[in-house]
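Peer 1: following is a predicted model, sequence given first.
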Amino acid sequence: MQQAFLRTPFFLKMGFVMAAAMLVPAVFAAVQGDYFSFRMFFYSAVLGAFGFGLLALALSNQRLENSGFDQLIQIGAVFAILPVFLAVPVFELGGGIPFRVAFLDMVSALTTTGLVVYDANSVPDTVHFWRALVAWIGGGLIWVIAASVLAPLNLGGYEVSQAGRNIGLSRGLTDVDRARLLGRSVAMMVPPYVFLTLMLWSLLTLTGSTGLVSFIHALSVISTSGIAGPVPFSQADSGFLGEATVLFFWIFAISHVVYQHERFSLHKRQIFHDPEFRMAAILVAMVSGALFVRHWFATLGGTGGGDIIQALQALWGGMFTVASFLTTTGYVSEFWGTAQQWSGLETPGIVFMGMALIGGGFATTAGGVKLIRVYALYQSVLREFDRMEHPSSVGQSRGVSRNDLRKGGFIAWVFFMLFVVAIALFTMIFSLLGQEFEHAITFAIATLTTTGPILQMSALGDWVLKELSLLSTLAASIAMILGRLEILVVLALVSPSAWRR
């Protein structure tokens, strides 16, 4: 039985996992006395397991390839097709929402985007629980495939950290090696992922949040989905201690050094020597400091008060919110409103869009361009300035050869340009489908960086995503999947060399 499950395609494995996961909200609904929700999730789980079982049985006598290319295809199918199954109970419990809206919601959750598709009060708590759980499973999936699939293929940020190596589908591993690597990654990544979530849940509960709210927030913080559930994070009564706890746990979205042992010297350093962590700290300090100075000068102009307590709260609110959008979570500090009241200034949404574009660490649940690529571009710029001053100099970064630095910076620049082109492309698509330009570019950034809460921070009014047309829904879903898988992974799939057997 175990060997048969190991030979099952990855897509079907994830189908069985999600069918089993539906039993969790079913039990939650039964405990709450919501038996209609219990039946919807229980029946969906049983029918889903039965359907995936039939598919597995039909493919049991087929010799399926398990190359890196096939693994990427199946991962893409997980994000594109599996939400159809996940949306069934949401459609039944959504109060008459169209199925395309439920599908968009599940794509948003599985890709850890966290779009606010419908009003929080229009669905039962079981649906909020399910959305956060799907996003949490999607985040854990990213941890696993980053180590077991993307690392051997030199993709997902590894093409920069493994500077000097060629990008492409590795053929050095056999099917058995890939299956073992996937199993070892699950055994290594899932237990700490669960432990960190339970720890954060306990700490948030101790700081004042209720059990369900703190659990949903814990799932969303670890997965960086930004799903708030029935109560927004800024209204969860967790206070400063709760926000400080969440800020600490975002280390796992900034740098994977703290939880993943790699064979390359860059990742064997301590966290404080990790370039991603240091760059994130510098960015948070600089941007939050600039916001604080902006608010401070506004108070000097007479639009706000000069209370030192409000000043400190404004500083903390800016620091927490900036770090939140840098990790592509999108939670807003309880004290961010204090900063606005203190100075009387509106929300600078463009700043948070910039933070989301940079993104967190590679091989983490965060989206965006990723800090490692920004660091590679920064090192390349420094080297070019050095060559302008000393044309005959021989540059070398610490621990990294000049050839590796050149190739890593070049790949990072290529990815950045492709990301900009993708933003322009989806902005044009959303504009052609009826959205205004400001809404279109904001929606494109939110989906491609997997940071749904950007829409609420953009100050462009209320977003009614449940009224999107079918074409807009499909375009948004493709953008979220593209942002989650990353552009280089998609290019690897469509490149001619990937189809050669």
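Peer 2: Nice, thanks for sending it over. What you are looking at is a predicted structure, and each value in this text was computed from that prediction instead of being measured.
Peer 1: going forward, measure contacts between C-alpha atoms and count neighbours the same way
Peer 2: Noted.
Peer 1: low-confidence ranges in this protein?
Peer 2: 1-7, 63-68, 162-176, 258-270, 298-306, 339-347, 392-407, 461, 492-501 (pLDDT under 70).
Peer 1: neighbours around the nearest residue to Pro453 once chain neighbours are set aside, how many?
Peer 2: Excluding its sequence neighbours, the residue lying closest to Pro453 (CA to CA, 6 or more residues apart in numbering) is Gly330, at 5.1 Å. Other residues near Gly330 come to 31 when the count uses other CA atoms under 10 Å.
Peer 1: so Gly330 touches Phe320, yeah?
Peer 2: No: Gly330 is beyond contact range of Phe320, at 10.0 Å (criterion: CA atoms under 8 Å).
Peer 1: in the helix or strand that contains Arg178, which residues are buried?
Peer 2: Taking DSSP states H and E as the definition, one finds Arg178 inside helix 175-206. By neighbour count on 16 or more other CA atoms under 10 Å, the buried set for helix 175-206 is 178-179, 181-182, 185-186, 188-190, 193, 196-197, 200-205.
Peer 1: which ones are touching the residue nearest to Pro124 when sequence neighbours are not counted?
Peer 2: Residue nearest to Pro124 in three dimensions, not counting chain neighbours: Leu93, with 7.5 Å by CA to CA, 6+ apart. Leu93 sits next to Ser37, Met40, Val123, Pro124, Val127 when contact means CA atoms under 8 Å, 6 or more residues apart in numbering.
Peer 1: am I right that Val369 is in a helix?
Peer 2: No: using DSSP: H, G, I helix; E, B strand; the rest coil, the assignment for Val369 is coil, not a helix.
Peer 1: going forward can the numbers begin at 53, since that is how I track them
Peer 2: Happy to do that; since the first residue is 53 now, the last one works out to Val421.
Peer 1: state the distance from it to Gly411.
Peer 2: Look at Val421 and Gly411: by CA to CA, to the nearest Å, they are 6 Å apart.
Peer 1: Leu124 now?
Peer 2: Distance from Leu124 to Gly411, by CA to CA: 22 Å.
Peer 1: and if you look at Ala184?
Peer 2: Ala184 is 21 Å from Gly411, by CA to CA.
Peer 1: more crowded one of those two?
Peer 2: Gly411 (31 against 28).
Peer 1: nearest residue to the more buried one other than its sequence neighbours?
Peer 2: Gly420 (4.0 Å).
Peer 1: would you enumerate the residues in contact with the one you found?
Peer 2: Here Gly420 is in contact with Thr380, Ala408, Leu409, Ile410, Gly411, Gly412, Leu500, Thr501, Thr502, Gly535 (criterion: CA under 8 Å, 6+ apart).
Peer 1: swap in 10 Å and give it another go.
Peer 2: 378-380, 406-414, 468, 471, 497-503, 535-536, 538 (CA atoms under 10 Å, 6 or more residues apart in numbering).
Peer 1: now swap in Val433 and tell me
Peer 2: By CA under 10 Å, 6+ apart, the neighbours of Val433 are Tyr427, Arg439, Gly461.
Peer 1: now Cys177: closest residue in space that isn't a chain neighbour?
Peer 2: Slight slip there: residue 177 is Asp, not Cys. Per CA to CA, 6+ apart, closest to Asp177 is Pro282, 7.0 Å.
Peer 1: coming back round to it: pretty sure the residue nearest to Pro505 sits against Met509.
Peer 2: Yes: counting by CA atoms under 10 Å, Met509 is a contact partner of Gly382 at 8.8 Å.
Peer 1: overlap in contacts of the two?
Peer 2: Phe404.
Peer 1: surely Phe90 meets Pro176?
Peer 2: No: at 11.4 Å, Phe90 does not count as touching Pro176 under the criterion of CA under 10 Å.
Peer 1: common neighbours of those two, please.
Peer 2: In contact with both Phe90 and Pro176: Ala81, using CA under 10 Å, 6+ apart.
Peer 1: quick one: which of those two has more around it?
Peer 2: When Phe90 and Pro176 are compared on other CA under 10 Å, the one with more neighbours turns out to be Phe90, at 24 against 17.
Peer 1: tell me who's in contact with the more buried one.
Peer 2: Applying CA under 10 Å, 6+ apart, the residues near Phe90 are 74-84, 96, 141, 178.
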